[in-house]
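> next one to model:
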Amino acid sequence: MLCLQDLQKEVVLFQQDLYLFSSVLKETNYLLSNLGSLVKCRELISNNSMYLPVGCMSTNDSFVYLVDGAYQVRYLEPSCFYLALLPLGFEVSGNTTGDAFKLLQEEFTLYFGDRSTLPWIEIIGSGVMETLIAKMITVRFILLPPTILVFLAYLLFRSKSSTDEVEKFLQNQQSLMPTRYAYTDIIRITGNFRQKLGQGGFGSVFKGVLPGGILVAVKMLSNSSCNGDEFINEVATLGTIHHFNVVRLVGFCAEGSKRALIYEYMLNGSLDKYIFTNGNKSCSRTFTLAKLNEIAMGIARGIEYLHRGCDKQILHFDIKPNNILLDVNFNPKISDFGLAKLYPRERSLVTISAARGTIGYMAPELVSRSFGSISHKSDVYSFGMLLMEMVGGRRNADPHIDRLSRVYYPSWIYDKLVEQQHYHSDENLDIAEVEKKLSLVALWCIQINSSHRPDISRVIEMLESDLDSLRIPTSPFFASDSLADVAEIELDCSYHSDLVSELE
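Residues are numbered from 1 along each chain as shown. This is a model prediction of the structure:
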């Protein structure tokens, strides 16, 4: 039998951490539904009539209350936790402290069952979260150092494996490779990386001078972008080919994680600087259409050499304006062979493990085989998209241009050609014909199905031919965008302006 004094001694022994507490009442005079709860609080509860104070069990810094019913812990006041359950003969709410004291003076049976039984109350002490957080912090500090060591070991192994692979390749191909330079040579050639020409995801490009005064561009590959396969691709491809429209690899550096590629210096940079107007209506084109046609021919001849002029078929997979460099006379040179793949010349179809290229220039079959097989015509598609941008003077899908010109340019030009309208009626007819011819060639190149595209040799024939010998291809789009409800769209700038001063 438990009296008030015994109950007071027992309840203070309960832990305040997480545990389950089950209670079974043996008193037959009370129903299980008529229960009360003794709760202990760290703060005085004065604004809740459900909490009846039990002064004889309270102290200066803790307060005990009798609460009607068995509530889940989350419904208690934040500073309170359960002590025990006991049967009640009345509702606590509205009664006095004397009633509670009288109840506690009466004798009743109360004991605590096994923790594995279904609990009536789950007690979560205020120290639980602090305990869990402390344990998590302890585990973190125990596991963090070995985890970091394992990760660093993996990076070191991967770096060493990549370095060994590159070194093995360079040793095997030593007689065929361009000049190999030490990293100290690279520092001297670039004047300690004094003049930066550009920056990209691959790393940085610096201007340099070789002994004898030969200007070069040194591409320093960043550690994050420099994987061994791409470095080998670049050296293996450019180190063995020589063509007027392909940039020449002068040398390279492979010294541990320090890797660099040394190219012949292209005074006028990349093509994208000259063909895009960034929506500026007052601008004028850098090149005449005749010069654009000449540049297009040079790029096409460079691609043809890669496809047919080498011991192996070289597919570039990343033809775009940024990868076309211009020399002092604005002759185009194909560059950046990091994504290139070499195949036997007799193979018309090729396989790759993952999509390669840049969105906007990547052939559809590189994403889904339902558009055809991957082949040399994948480069033809990229060339067609490049040609469209050269003619249009803007990116094919550019969100930064004005509202009237937001229509997809290849679709717009196709509709114009189908309607047999000249979109520069005030221009000289011969120039307009060149413009129209370049657009027609581009539309043939960007056919969705690869089997409908010409090969690069046929593209060169089309560029060399007269407009009258070319016909409009079928729509290269899933559905031609109607322009019936769109206002007449003028091109961003005039195509027919003088060349920059370097060409005069």
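> check the secondary structure at residue 253 for me.
strand (DSSP: H, G, I helix; E, B strand; the rest coil).
> try the one 10 residues further on
Following three-state DSSP, residue 263 is assigned to strand.
> ok, the one 3 residues further on next?
Each residue gets one of three states, and residue 266 gets coil by three-state DSSP.
> do I have it right that it meets residue 329?
No - checked against C-beta atoms under 8 Å, the pair residue 266 and residue 329 is beyond contact range at 10.8 Å. Where C-beta positions appear, they are placed from N, C-alpha and C, glycine not excepted.
> neighbour count: those two, which is higher?
Neighbour totals were compared for residue 266 and residue 329, and residue 266 leads with 21 against 9 (other C-beta atoms under 10 Å).
> how about the nearest residue to the more buried one once chain neighbours are set aside: which residues does it bridge to?
Nearest residue to residue 266 in three dimensions, chain neighbours excluded: residue 325, at 3.9 Å (C-beta to C-beta, 6 or more residues apart in numbering). Taking DSSP bridges as the rule, residue 325 bridges to residue 270, residue 333.
> show me where the stretch 101-250 of the chain has helices.
With DSSP state H, counting those that start in this stretch as the criterion, the stretch 101-250 of the chain has helices at 128-172, 183-189, 228-238.
> re the thing from before, report the contact partners of the residue nearest to residue 266.
Under the criterion of C-beta atoms under 8 Å, 6 or more residues apart in numbering, the neighbours of residue 325 are 247, 266, 268-271, 332-333, 335.
> swap in 7 Å and give it another go.
247, 266, 269-270, 333, 335 (C-beta atoms under 7 Å, 6 or more residues apart in numbering).
> for residue 295, same thing?
So residue 295 contacts 330, 332 (C-beta under 7 Å, 6+ apart).
> just checking, it is part of a helix?
Yes - with three-state DSSP as the criterion, residue 295 is part of a helix.
> which pLDDT value goes with the residue nearest to residue 266?
The score at residue 325 is 96. That number is its pLDDT.
> going forward can the numbers begin at 53, since that is how I track them
Okay, using 53 as the starting number, the last item reads as residue 377.
> related to what we said a few turns ago, just the buried ones from the contacts of residue 377?
299, 318, 322, 385, 387 (16 or more other C-beta atoms under 10 Å).
> so the spatially closest residue to the last one that is not a sequence neighbour versus residue 519, what's the distance?
Okay, so that is residue 387. Leaving aside its sequence neighbours, residue 387 sits nearest to residue 299 (C-beta to C-beta, 6+ apart; 4.2 Å). Relative to residue 519, residue 299 is positioned 32 Å away (C-beta to C-beta, to the nearest Å).
> report the angle between the host helix or strand of residue 356 and helix 280-290.
Following DSSP states H and E, one finds residue 356 within helix 341-360. Calculated by axes from the mean of the first three to the mean of the last three C-alpha atoms, to 10 degrees, helix 341-360 forms an angle of 110 degrees with helix 280-290.
> the residue nearest to residue 387 contacts residue 314, correct?
No - the pair residue 299 and residue 314 fails to qualify as a contact (C-beta atoms under 7 Å) at a distance of 11.0 Å.
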